[in-house]
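Undergrad: sharing a model that was predicted from the sequence below.
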Amino acid sequence: MTEVNNKQVILRNYITAFPKDTDLYVTSSSVSTKFKLPTDTATATSNSKVLAVIVKNLYLSCDPYQRLYMKKIAGLSTYTPGSPIFGYGVAEVLDSQHPDFKAGDLVWGTTNWEQFSLLTTPKNLIKIQHTETDVPLSYYAGILGITGLTSYVGFYEVCSPKEGEHIFISAAAGAVGQIVGQLAKLLGCYVVGSAGKSEASPDVDLLKNKLGFDEAFNYKEENDLDLALKRYFPEGIDIYFDNVGGKMLDAVLLNMRVHGRIAGCGMISQYNLAQPEGVTNLMHLVVKRVSYHGFTVRDYYHVYPKFLDFILPYLRQGKIVYVEDMVKGLEVAPAALFGLFKGHNIGKQVVAVDHE
């Protein structure tokens, strides 16, 4: 069996402040291209085996939620210091004990941040039927994978939108926000997004001139978020797709319409705070009969085939524009991941795993 070098991205220790690139480090060790697959120790007496797969990782998805796993949180299975971090990615199966996967299959799902991974829970993998040669394989780390599915179920399944409604999206130039905004425009909604790039507001230009949003603003340039929202939504907001939480959520609550809906997708403004900010305008949920629905895409994997049939034609026809921000090599993966919290990325941040 051939020995290969396996680079890994390791968490140095739990992080309590704003993350630094050095909080993660890259190391390597020699591994065999055919690992010895493990047996299930719980049932070893019956010689039962874990239905594991061994994969070669190709693309890794950088997602804000990964920051939560870098600190101890009660009830959450977090990363282990000294071990590789994990997340969503695209991979090729090299060896398999699972009947649903064979060598050569392409998959997307949860994997480790390393070149080669032994995965003992392949139920979290979805096989890619990559007959769409006009669609880059890396898209399954984004719009055709976790990012696109999150956008689709958050908008359609959680928000139940109607044509003509007024939609607001925070972190709109990010991976999920850019897709949700375009889905809303395809439905015939009025769509406004907020973003945070400060150098002549390139994100605002992207949202309005490339992605088709009706309006966009840089929240960093607004002294009063409530007044900013009233400027763009004088009659109120029907749907808020929340990616940031915090002060923006508090301002949105003042501007929701009666029977409005809020999809709680993420709270990136809170992930690096030692003490999360409180929300003071919650009574507006009551008096306006507004629903706030937090969701995780893990509850909606069954929707994936329907989503794929929906999104692929729009991609091919150019009716949905996908902005991908790709870097190459695990050595730069820590900077790419933590760059999400500094606004360095435009669109979906992806790491192409470099196999030398």
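TA: Structure's in. What do you need?
Undergrad: could you pull out the strands for the stretch 251-356 of the chain?
TA: Per DSSP state E, counting those that start in this stretch, the stretch 251-356 of the chain carries strands over the ranges 256-264, 291-294, 324-328, 348-352.
Undergrad: pick the most deeply packed of these.
TA: strand 348-352 (a mean of 25; mean count of other Cβ atoms under 10 Å). C-betas here are computed from N, CA, C, even on glycine.
Undergrad: contact partners for Leu119?
TA: Taking Cβ atoms under 8 Å, 6 or more residues apart in numbering, we find Leu119 in contact with Ala52, Val53, Ile54, Val55, Thr110, Thr111, Asn112, Leu125.
Undergrad: please redo it, this time with the cut-off set to 7 Å
TA: Residues in contact with Leu119 (Cβ atoms under 7 Å, 6 or more residues apart in numbering) are Ala52, Val53, Val55, Thr111.
Undergrad: swap in Ala175?
TA: Ala175 touches Gly142, Thr147, Gly347, Lys348, counting by Cβ under 7 Å, 6+ apart.
Undergrad: can you check Gln115 too?
TA: Contacts for Gln115 were tallied using Cβ under 7 Å, 6+ apart; they are Asn6, Lys7, Lys56, Asn57, Val353, His355.
Undergrad: mind running it again at 8 Å?
TA: Here Gln115 is in contact with Val4, Asn5, Asn6, Lys7, Gln8, Lys56, Asn57, Leu330, Val353, His355 (Cβ under 8 Å, 6+ apart).
Undergrad: Val323 too?
TA: Gln178, Leu206, Lys210, Leu211, Ile346, Gly347, Lys348.
Undergrad: returning to what we had before: report the buried members of the contacts of Ala175.
TA: Taking 16 or more other Cβ atoms under 10 Å as the criterion, what is buried in the contacts of Ala175 is Gly142, Thr147, Gly347, Lys348.
Undergrad: could you point out the longest strand in this protein?
TA: strand 86-96 (DSSP state E).
Undergrad: alpha carbons of that strand, in PDB - could you do that?
TA: The C-alpha coordinates for strand 86-96 follow below in PDB (Å, rounded to 0.1, in the frame of the first residue of the first chain):
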ATOM      1  CA  PHE A  86     -14.700  19.400  10.500                       C
ATOM      2  CA  GLY A  87     -17.300  20.900   8.200                       C
ATOM      3  CA  TYR A  88     -19.000  20.400   4.900                       C
ATOM      4  CA  GLY A  89     -17.000  19.500   1.800                       C
ATOM      5  CA  VAL A  90     -16.800  17.600  -1.500                       C
ATOM      6  CA  ALA A  91     -14.800  14.400  -1.600                       C
ATOM      7  CA  GLU A  92     -14.000  11.300  -3.700                       C
ATOM      8  CA  VAL A  93     -14.500   7.900  -2.100                       C
ATOM      9  CA  LEU A  94     -11.300   5.800  -2.100                       C
ATOM     10  CA  ASP A  95     -12.500   2.800  -0.100                       C
ATOM     11  CA  SER A  96     -15.800   1.800   1.500                       C
END
